[in-house]
Structures are given as C-alpha cells and as structure tokens.
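J.: Let me see the structure of the following:
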Amino acid sequence: MMMVAGSYGQQSDGTVEHRIVKDIVRQHAELAAFLWAQRDTLAAEDPPEGNVVDGVGRRLEANLDGLRIAGVAAWPFIEAAYEDFPEKGELFLFTWLAIEQGSDNKIRQAVELGRASDDDARGLVGALAWHKAETISPLVRRWISAQDAFLRYLAVAACREHGVDPKALLTNLMRDPDVRVRANSLHLAGVLQRLDLVHEVAGALDADDGSVRLWAAWTLNELDRGDLARAELRKVAATNGPNAPTALRALIKAGPQDDVRAFMGGLLKSPDTASLAVRGAGMLGDRSILPWLVQQMRIPALAAAAGGALLETFPEARGIDGLFTLDPTTLGPDFEDHFGDFAMKVPVAENVRMWSNSVLQK
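T.: Numbers count the residues shown, from 1 in each chain. All right, here's what the predicted structure looks like:
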C-alpha cells in the first residue's frame, strides 16, 4: 500500500498550497532507492526469479508515485539519501526524479554523479530504462552525437535497454574511440538483429579490448554467424571470468551440441572452470541431468552452480520448501570450510534427491 506523501489545502487568499508529510516523503525516497537496488540485484541472479523481480518492481512504483505527489519538495530527501549512501539505488532515484520533472540542471548533476561512479553508472542507466522511451528520447538524441564519450555511452545504453535502433548512427558508434561506447554499440547491434552490420561486427573481433571482442562475438552469434564467433566465445568461457556464463550460453545456442558438450567436458576437468561447466549444464535444457546435478550438489565448490542449473532446468523447484538453504554451514564441515560465514543460496542435495524421485517418475 502506498503511503500518502502530501495533500492539498486552500489558503485564505484562495490559492492552493501543496503540503507534504516529511517523514513519509523520506520513507518513500529511502524505500525507492532500496527497492530499485534490490530489484536490479535480483534481476542479475542466475537465473532470475521473474515473479519476485516483478513484485519488487510494483512496490518500487508505488513509492515512486509517492515522490511524484511530493514534487519538487522531494529533492531535499533524495539529495540527502545520495549524500549519505552514494550507491546505485540512490543514483537511480536522483536520475529518475530529474527526468520525471524535466529538470535540466538536475539531469546534469545526475550525469556527473554517474560519471564518478565505478559501476558503469548502473543506477543512471537504470533510470533511463525505467522511464518510457518517448520520455527520454530528447536526451538520447542530444547525447548520442555528443563530444562527451560518457554521454554517448549513456545514449547507447538507453537504446539497448529500450531496443531502440539509432539507424545509420550505429555504424559510427561501433567505431567509436571510446571502448565502452563500442562494446555497448556492438551489443545493441545484436539486440536489434542488424544483419546489415555483420561485416562491421566481424571486424571488431580483432579489437584490443576484451569487452569489445566479447560483444562482437555475441552479436555475430545472434546474427547466425556463430562460426565466426566460436573461437572468441570459447576463449572468454575458458577464463571463467564475469562474462564467462554469457559466452557459454552463446556457445550453447550456436552449437553443434556434440562440440558444445565436448567443450564443457573439458571445462569440467579443471577445478578453475568446473563450476562453469556445471552451471552450463542447466543451459542445455536436458532434464535427464537431474541425478548428475544432485551429485554435484554434494561438492561445496560446485553446489551453488548446480543449484543455478537446477532452477533453470526445473523452474518448478523454486516453489518447493527445503530444496535450498541460505546457511551452507548446516550442510556439514566441508561446506562450512568452503563458505565460512558467508550467506549463500545453495541446494540441499538430499532434499533435492528425494524431490527428484517424484519428478523423474512423471
């Protein structure tokens, strides 16, 4: 339920005064920043739980409505929130209200706050994504050809989030001197299925920057040219870095399946990449792997990856109590040694095994 952030009253001279309840506006601001950050984190889980993400989004929108009612009177609370905790949720909120109210000055402030952030201005991009494309289109049109590389990055990221095609501009953006602009433009070309840019994308496989090569390979795969992308995707997956799951999923999509399974078998042999191979098993869509996944759940270093594979292959497992724990130390000394006191959602192998008996009999 949304709290009431303000009300209207008539003064003695007949004018309308907008009154706000400061504590409630403060709560709206704090909750909105927290909820967007929570939603962003939940959406990045592997795999994400769509119903939970949507539920948090509805609560977020209710709090944003409260801030809409408060109007410009909300700014002291939003600015104080960012000063106290300058993280992605607070940056989202600052940017969202600046765009909502069409304040050029506040938008410029938000851009500078995003420029100083160390996470590719995730909150700022998130605010651009939350607003409708037509609302932010004047900003994007102005930024996409700006001299400032950061503004060009924001414009391309906004186009990617909304699936908007910058048409002829995209070719130049894929050649941009800024690495972040190039990588995001290549990603956008794949999202948009720009088949006319295949040769341009293929040329980016020779780039010095790894993120540019990754998104060039990913886009080639989306454009049904996985034959050109396979070597780079395998290289990224074999490093088991942050982009490895993205590369492996692209490889699985590209096929052929025999080659993919052989590659994953190689990953499984190394302790450095075994967890990626286990997680990748859930991307295959093969429900017969469930007994094998249960075995991997008994190995602390592979348990979390096996849990992710389980949820992707068997999404119905999300609603079953007892299949997962947030306290791995309860699973025995090996798990306690591996996880320490770090809370982590891991499957309870024995419970999954018992549940799997009924699943496999169907």
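J.: And the strand or helix carrying residue 290, what does it pack against?
T.: Assigned by DSSP states H and E, residue 290 belongs to helix 290-297. Helix 290-297 sits against helix 274-281, helix 300-313, helix 349-361, with contacts defined as 3 or more CB pairs under 8 Å, 6 or more residues apart in numbering; DSSP states H and E. (C-beta placed from N, C-alpha, C; glycine too.)
J.: partners of the helix or strand following the longest one in the sheet?
T.: Sequence order places strand 324-325 as the next helix or strand after helix 300-313, per DSSP H and E. Strand 324-325 has its sheet partners listed here by DSSP bridges as strand 346-347 (antiparallel).
J.: State the mean pLDDT of the strand it pairs with.
T.: Averaged across strand 346-347, the pLDDT comes to 96.
J.: Dump the helices and strands packed on helix 290-297 into TSV; add mean neighbour count and distance to residue 235 as well.
T.: Conversion of these to TSV gives the following (neighbours: other CB atoms under 10 Å; distance: least, CB to CB, whole Å):
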stretch	mean neighbour count	distance to residue 235
helix 274-281	24	13
helix 300-313	23	20
helix 349-361	15	33
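J.: Look up how far residue 189 lies from the closest residue to residue 255 other than its chain neighbours.
T.: Spatial nearest neighbour of residue 255, excluding adjacent residues (CB to CB, 6 or more residues apart in numbering): residue 226 at 7.4 Å. Distance, residue 226 to residue 189, by CB to CB, to the nearest Å: 15 Å.
J.: try residue 81
T.: Remark: distance between residue 81 and residue 189 (CB to CB) = 37 Å.
J.: repeat for residue 196
T.: Distance of residue 196 to residue 189, given as CB to CB: 9 Å.
J.: Give me the neighbour count for the residue nearest to residue 255.
T.: 18 (other CB atoms under 10 Å).
J.: Can you give me every residue that contacts it?
T.: Listed by CB atoms under 8 Å, 6 or more residues apart in numbering, the contact set of residue 226 reads 220, 250, 251, 253, 254, 255.
J.: out of the residues you listed, which are buried?
T.: Buried members of the contacts of residue 226, counted by 16 or more other CB atoms under 10 Å: 220, 250, 251, 254.
J.: out of everything not next to it in sequence, what's closest to the last one?
T.: Read it as residue 254. Distances taken as CB to CB, 6+ apart put residue 226 closest to residue 254, at 3.1 Å, once the chain neighbours are dropped.
J.: and what of the third one?
T.: Among residues not flanking residue 251 along the chain, residue 233 sits closest, at 4.9 Å (CB to CB, 6+ apart).
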